[in-house]
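[1] fold the stuff below for me.
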Amino acid sequence: MASFYPLFYKITHDEPGYHFLKAVAYGLSGGYFLGLKLHQWLYKTGWLKQKSAPCHTISVGNLVLGGVGKTPFTMFLARLFKNMGKKVMVVTRGYKGQTNHPLVSNGYKTLLTPLEAGDEAYLLAKNLKGIPIIRGKNRYQAIMSVFKDFLPDIIILDDAFQHYALKRDLDIVLLSAHSPFGKGHLLPRGRFREPISALNRAQAVVITHVKEENQGKKLKKFLKKRFPDLTVFTGDIEVEKMVSIQGKEIELSALSDKCLLAFCGLAEPVYFYQTCKDLNLGITHFLSYPDHHRYTKKDVLHLIEIAKKNKIDTLITTEKDMVKLLAFSPLFTEANCSILYPSITMHLYQIEAFISWIKGKLGF
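    Numbering: from 1, shown residues only. Coordinates of the predicted model:
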């Protein structure tokens, strides 16, 4: 997968060249579209049955592969409901997790490792204290296996817009202001998981990576014209603090004169690179790995080698990547290399309007 990923990235982002492979990918996109329509038809006609959880259920998802901020938004939404006094449970697929055990966290103790849970499930468990985190490819089965233990008022389904098997009260879709529709092609030719018409199923869109409230007006206007019943909000992902692999907070001022090596394993590494630039960090070297990359000792030694060769003693990565590097902390310590991540949060510009909207939709 790692060797194929750079080629996949170039094709889906429509970089110059690769005409034959793009033509093949375009043909495969046609097959993907037919499979998608068949899948939807089977649920629409009742051949496949949708199931319902015994409480309010909200899906957070996207149309375009990666990079929109689903995990930060899921955490924002879970904390919002918790602060309203609601009992919340978050359910995720647990992509690349190595166990079938559904309970990642009971809200007070994380019960699985990053490799067992999957990076995003573990990240949710690490950050959402007092909120149970459940994982499973079959979301309904995972929910029902623990429902009586927690009796939630609200279940948040992380990355579930395309998960038709489970009914929900609300679908909230995130779109990036930088590239809301990718290059306009379905997978594997482009980055669309579904055509834009799928937004007819959603009740709200959150446009992310909006640096100021008045930005994103053109996209917002397009969405309101194309989907009149859709409620549109805007927001951005903000850095709260810098944190070391040992969990120590680091002042940004301490990094101002340093040359830094940044790396990540994300679907859209450009967003992490831009975050580093927005923080005025002196990034002299940047490496990207495939999304959900599992780091090995060889990877870590390679990073340390690059850092030492260029007289760099501080590395920057994402929190999602950091959870998979915890086991290698002694290697960084032995090499006198610090490794940090920016702790991020989702900020909505229309927060009061959003709270009013969601209360109205759920009857609170």
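[2] from Gly107, how far out is the residue nearest to Phe272 when sequence neighbours are not counted?
    Spatial nearest neighbour of Phe272, chain neighbours left out: Cys264 (4.6 Å); criterion: CB to CB, 6 or more residues apart in numbering. To be clear about C-beta, it is placed using only N, CA and C from the backbone, and glycine gets the same treatment. Applying CB to CB, to the nearest Å, the value for Cys264 to Gly107 is 28 Å.
[3] burial measure for the residue nearest to Phe272, as a count.
    24 (other CB atoms under 10 Å).
[4] I'd assumed Asp321 was in contact with it.
    Yes. The pair Cys264 / Asp321 is scored as a contact, 5.5 Å apart, by CB atoms under 8 Å.
[5] what is in contact with the two at once?
    Listed contacts common to Cys264 and Asp321 are nil; contacts here mean CB atoms under 8 Å, 6 or more residues apart in numbering.
[6] picking up where we left off before, so what pairs up with the residue nearest to Phe272 in the strands?
    As for beta bridges, Cys264 partners with Ser288 under DSSP bridges.
[7] which ones are touching it?
    Phe272, Ser288, Tyr289, Thr317, Thr318, Lys320, Asp321.
[8] show me which pair in these is furthest apart.
    With CB to CB as the measure, no two of the contacts of Cys264 lie farther apart than Ser288 and Lys320, at 13.1 Å.
[9] the more surrounded of those two?
    Lys320 (22 against 19).
[10] what's the first helix or strand after the strand or helix carrying the more buried one?
    Lys320 belongs to helix 319-322 when assigned by DSSP states H and E. Going down the chain from helix 319-322, the next helix or strand is helix 329-334, by DSSP H and E.
[11] and that next one, what does it pack onto?
    Applying 3 or more CB pairs under 8 Å, 6 or more residues apart in numbering; DSSP states H and E, we find helix 329-334 packed against helix 297-309.
[12] mind doing that once more with 10 Å?
    helix 297-309, strand 338-348 (3 or more CB pairs under 10 Å, 6 or more residues apart in numbering; DSSP states H and E).
[13] what's the closest of the ones you listed to Lys220?
    strand 338-348 (13.7 Å).
[14] domains of the protein?
    5-44, 56-237+347-362, 239-344 (automatic domain parsing).
[15] quick check: end-to-end length of the longest one?
    End-to-end distance for domain 56-237+347-362, by CA to CA, to the nearest Å: 8 Å.
[16] pLDDT of it, averaged?
    On average, the pLDDT along domain 56-237+347-362 is 95.
[17] for it, the distance to its chain's centre please.
    Chain-centre distance of domain 56-237+347-362: 8 Å, with CA atoms, centre = their mean, to the nearest Å.
[18] ditto for the first one
    If you compare the mean C-alpha spot of domain 5-44 with that of the full chain, they lie 21 Å apart, counting by CA atoms, centre = their mean.
[19] would you mark the buried spots in it?
    Residues Tyr5, Phe8, Tyr9, Ile11, Thr12, Lys22, Ala25, Ser29, Tyr32, Leu36, Gln40 are the ones in domain 5-44 that count as buried (16 or more other CB atoms under 10 Å).
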